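Peer 1: Give me a 3D structure for the following:
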Amino acid sequence: MSALTTVLLNLFVIYAAAKLAGALFSRLGQPGVIGELLAGILIGPHALGLIGVPTVGILDLFQGNREAAEHALELVLESFAELGVVVLLFTVGLETRATDILRVGMRAAAVGVLGIAVPFVLGFGFMALTGHPGLESAFVATALVATSVGITARVLQELGVLRTREARIILGAAVIDDILGLLILAVVAGAGSGEADTRAIVLIALQALAFVGFIAWAGTHATRRFSVRLDDVNEIVPLNLSLLLMLGLAALASIIGLAGIIGAFLAGMVLAESRERFNLEHQSRPIYEFLVPVFFVFTGTKVDPSALTDGPIVAIAAAITLIAIISKLAGAGVGMLGAGRRAMLIVGVGMVPRGEVGLIVAGIGLSQGIIPADIFSVVVIMSIATTLIVPPVLSAIYQRSPETGAAAVITHDISDELELDAPPAV
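Peer 2: Reported below is the predicted structural model:
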């Protein structure tokens, strides 16, 4: 079997599993993303082994080196998965205007900063008190800080509440989380390699802030001023241009050290000011339906169920997971003081999932020899647990509240037009 055939079969299994599991959980009244994550665990190399296993064709390319062949196949599938989350954040951006984010700017800033500070302090304190070295404790604490906005965005999108005030705060705070989390990771990783450079860290911060600020300001103003109905010339032209912008800004964000999904989100947010945005949402839907489920299934394949049989690892993982949940709820809760308990709960829960962000940080720590394999498993369990918890909880909060769906959007949009968001009482 050739290498290309292997990749195609893996994608077939991933896509089929995603659609079957997603449909099943939707019929059960649960977000489809839960089914996709669980399907990934089931078909992954740590369970049934239906994907991620190199065939003879791939092994021959690497002279029989199974480890290299497995890594190569994983990189190919991961590329599709990362493209999926880029598309997801792009479509989320299409439903979010810059003015929407600015209206909740103070709240988002408070939630973002406190959502970084509280998890880091509690995570570091717990690891240090249980006898772990300082650098190891710092890496685990770093894995706790950032939010995997892709998970929450998917749930909010499925519930039809992306335009609510709480959703805007979550998205704005997630951008701030990404920038601050990047700086913390740069410091900790630099300390681990003995190459911490204050000037380099300051440069990263300035680049990140300049990138987000310039794209959000200049892009939206340019779109408002120069937008024309390109679909009158050729209906596919707006989609082609939007995909170019999505990939270009995602790549540029990665080059300066930000997550590519931030660039994709900004691309969608810029195009949200265009008169063609509703048509773009419709045209990009088939791409979304194909690629986005791949990301969630692939995330699930990272889970090794056998780690759940190790008592000490499970005990530490349970404690770290509890800290991960409580710290985000507390940080977001303080940042949302005065906004009402329902809003505090929605934003707090929305900031909980760590997903691929925690896995990336743990992978860096493992590759640098800073954290051992057992602590890596702890972070993996925490990342997956927080990812699985959020969809049903967030869905239940909205379903129990009378202020959901279109009614919530209308209510919040009217209130936003009447007054800008006030600074939180911290």
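Peer 1: what about the helices in the stretch 1-150 of the chain?
Peer 2: 3-27, 32-43, 56-61, 66-94, 98-103, 105-129, 134-145, 149-159 (DSSP state H, counting those that start in this stretch).
Peer 1: And residue 339, how far from residue 333?
Peer 2: 10 Å (Cβ to Cβ, to the nearest Å). Every C-beta, even on glycine, is put in place using the N, C-alpha and C of the backbone.
Peer 1: Apart from its chain neighbours, what residue comes closest to residue 307?
Peer 2: residue 377 (4.5 Å; Cβ to Cβ, 6 or more residues apart in numbering).
Peer 1: and the helix or strand hosting the one you found, how far out from the chain's middle?
Peer 2: Per DSSP states H and E: residue 377 is located in helix 373-400. Centroid displacement of helix 373-400 relative to its chain, using Cα atoms, centre = their mean, to the nearest Å, is 12 Å.
Peer 1: cool, and stretch 333-343?
Peer 2: Remark: stretch 333-343 is offset 23 Å from the chain centroid, using Cα atoms, centre = their mean.
Peer 1: now do stretch 143-159
Peer 2: Remark: stretch 143-159 is offset 5 Å from the chain centroid, using Cα atoms, centre = their mean.
Peer 1: ok, now stretch 331-347?
Peer 2: Here the centre of stretch 331-347 is set off from its chain's centre by 21 Å, with Cα atoms, centre = their mean.
Peer 1: Between the two ends of it, what distance do you get?
Peer 2: 10 Å (Cα to Cα, to the nearest Å).
Peer 1: averaged over its residues, what pLDDT does stretch 39-54 have?
Peer 2: Mean pLDDT, stretch 39-54: 87.
Peer 1: ditto for stretch 279-295
Peer 2: Mean per-residue pLDDT for stretch 279-295: 85.
Peer 1: Quick check: buried residues in that stretch?
Peer 2: 279-281, 283-284, 287-288, 290-295 (16 or more other Cβ atoms under 10 Å).
Peer 1: out of the residues you listed, which one sits closest to residue 187?
Peer 2: Relative to residue 187, the closest of the buried residues of stretch 279-295 is residue 295; by Cβ to Cβ it sits at 28.4 Å.
Peer 1: how near is the nearest residue to that closest one once chain neighbours are set aside to residue 288?
Peer 2: Spatial nearest neighbour of residue 295, chain neighbours left out: residue 84 (3.5 Å); criterion: Cβ to Cβ, 6+ apart. In this view, residue 84 and residue 288 are 9 Å apart by Cβ to Cβ.
Peer 1: Residue 323: what's it in contact with?
Peer 2: Shown in contact with residue 323 (Cβ atoms under 8 Å, 6 or more residues apart in numbering): 119, 122-123, 126, 144.
Peer 1: Please read the previous query as pertaining to residue 372.
Peer 2: residue 136.
Peer 1: same thing with the one 5 residues further on?
Peer 2: With contacts defined as Cβ under 8 Å, 6+ apart, residue 377 is in contact with 304, 307, 310, 313, 317.
Peer 1: quick one: what helix or strand has the last one in it?
Peer 2: Which is residue 317. Going by DSSP H and E, residue 317 is in helix 311-335.
Peer 1: what angle do that helix and helix 134-145 make?
Peer 2: Angle of helix 311-335 versus helix 134-145, following axes from the mean of the first three to the mean of the last three Cα atoms, to 10 degrees, is 60 degrees.
Peer 1: Tell me which helix or strand comes right after helix 311-335.
Peer 2: helix 341-350.
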